[in-house]
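Student: Okay, structure incoming, though there's no sequence with it:
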């Protein structure tokens, strides 16, 4: 895989180790015309998330939990067949895997701290509400 624009960084100094990536190639149903029938341009990239040492333990735990629906025996698989060339499909698969892992290992969002509505604003809202009701009541033709 020389010349490929790697190593694929997940976040910070953590990147996907080349040795732990498992590649599989097959005939693609994507673009390419008759070229598709002769070349193995579809790429399947597999990464053993359960046994990797490349991710910090906290990230690994988080990723295993968040991607549990996509894992098969602790392995995550990504497929790419949108390009005509195997090279570009390999790039696409790598990018997809890296972004998937980046999203899965991201820290949880900060808890929302509920804020209190200022009293003045609430009173103004109620006052305007009353006024609106008065206006609408005045429109009904009860005295006809």
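Tutor: Happy to help now that I have it. In this text the structure is predicted, and so the values were computed from the model without any measurement. Numbering: from 1, shown residues only.
Student: can you pull the contacts of the spatially closest residue to residue 14 that is not a sequence neighbour?
Tutor: Leaving out its chain neighbours, the residue that sits closest to residue 14 by C-beta to C-beta, 6 or more residues apart in numbering is residue 55, at 6.4 Å. In this view, the C-beta of every residue, glycine as well, is placed from N, C-alpha and C. Taking C-beta atoms under 8 Å, 6 or more residues apart in numbering as the criterion, residue 55 is in contact with 10, 14, 49, 63, 101, 105.
Student: Surely residue 55 forms part of a strand?
Tutor: No - according to DSSP: H, G, I helix; E, B strand; the rest coil, residue 55 belongs to no strand; its state is coil.
Student: State the distance from it to residue 64.
Tutor: Here residue 55 is placed at a distance of 10 Å from residue 64 (C-beta to C-beta, to the nearest Å).
Student: likewise residue 131?
Tutor: Taking C-beta to C-beta, one finds residue 131 at 57 Å from residue 64.
Student: Helices of this protein, start to end?
Tutor: 35-38, 57-66, 86-105, 119-139 (DSSP state H).
Student: Share the number of residues neighbouring the nearest residue to residue 92 once chain neighbours are set aside, please.
Tutor: Once flanking residues are discounted, residue 92 sits nearest to residue 80: 4.0 Å by C-beta to C-beta, 6+ apart. If you count neighbours by other C-beta atoms under 10 Å, residue 80 ends up with 23.
Student: same deal with residue 59?
Tutor: 20.
Student: ok, it to residue 18 distance?
Tutor: In terms of C-beta to C-beta, residue 59 sits 19 Å off from residue 18.
Student: Residue 40 now?
Tutor: 20 Å.
Student: tell me the pLDDT at residue 126?
Tutor: According to the prediction, residue 126 has pLDDT 96.
Student: make that residue 4, sorry
Tutor: In this model, residue 4 is scored at 50, pLDDT.
Student: coming back round to it: figure out which of the helices of the chain is closest to residue 24.
Tutor: For the helices of the chain, proximity to residue 24 was assessed by C-beta to C-beta; helix 86-105 is nearest, at 10.1 Å.
Student: Just give the closest residue to residue 20, not the sequence neighbours.
Tutor: In space, and not counting its chain neighbours, residue 20 is closest to residue 52: 5.7 Å by C-beta to C-beta, 6+ apart.
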